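Undergrad: After the sequence you'll find the predicted model.
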Amino acid sequence: EYNFVDDYNTENKWFVEDITIQFEQATKYLYLGIFILLFVSLFVVYTTYLRDRHNEWCLYCSIGYSRKAIYCSIICELLFTFITAVLIGIIIAFGLVLSLDAIMMKPNGIACQYLYPDKIIEIICAFVLFFGLLQIPIRYALYKIRTIDAMEDDIY
C-alpha cells in the first residue's frame, strides 16, 4: 500500500483526470443554463414587445403594406437591435477584460489571453440560434395581423 510515489507525471495525470475534466463538464452545464435562461427571458420580452406593436402592424396592413413588407420591417428592427446589442456587449466586455487585467492580473504576474476563437464561434452560433428562434413569435404575430376594419367587426 505504501509503495506508491507521487511525482510530477502522476500528479499531472491526477490533475487532468480529476479536476480539469470536472471543471470542463461543469462549465458546459453552466453555459447551457445561462443559454436557456437568456433565451427564455429574451423570448418573453420579445413576445411582449410584439404584442405591443400588433396594432401598428394592423394599421400598416390597412393602408396597403403587404405581410412581406411588414415582415421585412420587423426583421430589420430585430437585426438592428441584435447588432447594436452585440457591439455594445463587445465594447463593455473588452473594457472590463482590459481593466481586470490591469488591476488584478498584471500586478500578480499573471498573463491573460483576451480572445478565445472557439468561444467566439460558440457565441456567434448562439446569436444565430436566438435570431432563428425569435422567428417563431414573429410568424405567429404576422398570422394574426388583420385590417383595422376586421378588428372593429370583432369588437362588436
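TA: Ah, there it is.
Undergrad: Burial check on residue 127, number of neighbours?
TA: Neighbour count for residue 127, taken as other CB atoms under 10 Å: 15. To be clear about C-beta, it is placed using only N, CA and C from the backbone, and glycine gets the same treatment.
Undergrad: For it, which three-state class applies?
TA: Here residue 127 is helix, with the state taken from DSSP: H, G, I helix; E, B strand; the rest coil.
Undergrad: which ones are touching it?
TA: Contacts of residue 127 were listed using CB atoms under 8 Å, 6 or more residues apart in numbering, and they are 82, 86.
Undergrad: And the helices in this protein?
TA: 8-14, 21-62, 67-100, 117-133, 135-143, 148-155 (DSSP state H).
Undergrad: how about those helices, which one is nearest residue 110?
TA: helix 67-100 (10.8 Å; CB to CB).
Undergrad: buried residues in that closest one?
TA: Buried residues in helix 67-100, counting neighbours by 16 or more other CB atoms under 10 Å, are found at 70-71, 74, 78.
Undergrad: For these, which two are the farthest from each other?
TA: The span of the buried residues of helix 67-100, defined through CB to CB, is set by 70 and 78 at 12.7 Å.
Undergrad: what about residue 134, how many neighbours?
TA: The burial count for residue 134: 21, using other CB under 10 Å.
Undergrad: any idea how far residue 76 is from residue 125?
TA: Here residue 76 is placed at a distance of 22 Å from residue 125 (CB to CB, to the nearest Å).
Undergrad: Kindly report the same for residue 39.
TA: 13 Å.
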